[in-house]
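Q: here is my input, please return the structure:
(one chain, ligands or ions: 1)
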Amino acid sequence: MIIAQISDTHIVLDTPDADRRIDDFERTIADINALDPAPDVIVHTGDVVHNGRMDEYAQAVAILGQARAPVFVIPGNKDDRTNLRAAFAADGYLAPDSEFIQYAVEHFPVRLIAVDTLNPGSNKGGFCAERARRLTDMIHGETTKPIAVFAHHPPFEVMVGPERHHFETPEMMSRLREALQCSGRVVAVISGHVHRGTSGGVGNIPATVMPSVATTLRKGEYPAQMKMRPVYHIHRFDPIWGFSSESRIVARTSSTASLSETRQHQERHSSALST
Ligand SMILES: [Fe+2]
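A: Predicted coordinates:
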């Protein structure tokens, strides 16, 4: 089973880099569509849009509509539950009347469980007792398959970057970590939010974080020739060896090349002027 993970596209319509965020998202979907073998599923681990607005979601839905594999989304701190649910209602996997956006996808060899860590009004994650109860019930709802869990905020101490803790309180993160370890069947925890690639663990469960697809918001050091190229993750599941994860760099297109070359020319020109 092959899962393509995308995250933190932060679609916006009125900032100077709005077109670039759309372009990053479109080129990432095109790159995933060209994978051979094709992924079984695409999961977006949140911050689909930047302000939770319906016009932003309309743009995101149009881009994800180009994907060949089925797409599942979870909310990030910049998302709005009501608008996200409305935008993706036609796909049929989001319960219209549920307080939280948590669900299980059952028709693959690995169960996919989406966890809602949105804490409205805060950029940090939340995880209340009610969400823990629902997650535990979902995990116990099937007892034969391994499970991959998707949560926007990483439920472990992130050792790179300025911020180590991404939940509102340590108790909230502990509550989620405890729920994830309740069965022994969760074999991967997959997140975004940090905008840089890193890894950690939840007990014995390996946990990964992918960078933001939005290249203008990406953190960490990248060589100049990669500044305009989004990175996404591929998670492959083998029944014996479990998950292996790979970072993939979106193919360089002619439009990327010309934008990049224009920028390099401008940088050379401005440095020549300043010396
Ligand atoms: Fe984000």
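Q: mean confidence for the helix or strand where residue 248 lies?
A: According to DSSP states H and E, residue 248 maps onto strand 242-249. In this model, strand 242-249 carries a mean pLDDT of 95.
Q: and it, what does it pack onto?
A: strand 186-191, strand 231-238 (3 or more C-beta pairs under 8 Å, 6 or more residues apart in numbering; DSSP states H and E). For the C-beta atoms, the positions are set from N, CA and C on the backbone; glycine is no exception.
Q: ranking those by burial, who's on top?
A: Counting by mean count of other C-beta atoms under 10 Å, strand 186-191 has the highest mean neighbour count of the helices and strands packed on strand 242-249, with a mean of 24.
Q: tell me which other helices or strands that one touches.
A: By 3+ C-beta pairs under 8 Å, 6+ apart, strand 186-191 packs against strand 147-151, strand 205-209, strand 231-238, strand 242-249.
Q: could you redo the last one with a cut-off of 6 Å?
A: Counting contacts by 3 or more C-beta pairs under 6 Å, 6 or more residues apart in numbering; DSSP states H and E, strand 186-191 is packed against strand 147-151, strand 205-209.
Q: give me the residues contacting it.
A: Here strand 186-191 makes contact (C-beta atoms under 6 Å, 6 or more residues apart in numbering) with 5, 45, 146-151, 154, 180, 202, 205, 207-209, 242-243.
Q: ok, stretch 37-56 next?
A: 1-12, 57, 60, 67, 69-76, 78-80, 83, 150, 152, 191-192.
Q: filter those down to just the ones in strands.
A: 2, 3, 4, 5, 6, 71, 72, 73, 150, 191 (DSSP state E).
Q: how many neighbours does the fourth one have?
A: So the one you mean is residue 5. 24 (other C-beta atoms under 10 Å).
Q: and what of the fifth one?
A: Burial measure for residue 6: 28 neighbouring residues, criterion other C-beta under 10 Å.
Q: report the beta-bridge partner residues of it.
A: residue 44 (DSSP bridges).
Q: mind starting the numbering at 173 from now?
A: Got it, the first residue is 173 from now on, which makes the last one we talked about residue 178.
Q: mind checking pLDDT for it?
A: 98.
Q: picking that back up, in JSON lines: the helices and strands packed on strand 358-363, plus distance to residue 332, mean pLDDT and mean neighbour count.
A: Formatted as JSON lines, the helices and strands packed on strand 358-363 follow (distance: least, C-beta to C-beta, whole Å; pLDDT from 0 to 100; neighbours: other C-beta atoms under 10 Å):
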{"stretch": "strand 319-323", "distance to residue 332": "18", "mean pLDDT": "98", "mean neighbour count": "25"}
{"stretch": "strand 377-381", "distance to residue 332": "9", "mean pLDDT": "97", "mean neighbour count": "21"}
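Q: let me have the ones you listed in TSV, extended by distance to residue 286.
A: Formatted as TSV, these follow (distance: least, C-beta to C-beta, whole Å):
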stretch	distance to residue 286
strand 319-323	5
strand 377-381	15
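Q: which among these is found nearest to the ion?
A: The ion lies closest, by C-beta to the ion, to one member of the helices and strands packed on strand 358-363: strand 377-381, at 11.0 Å.
Q: surely residue 309 is in a helix?
A: Yes. With DSSP: H, G, I helix; E, B strand; the rest coil as the criterion, residue 309 is part of a helix.
Q: by mean pLDDT, point me to the weakest helix or strand of this protein.
A: None of the helices or strands of the chain scores lower by mean pLDDT, DSSP states H and E than helix 426-446, at a mean of 44.
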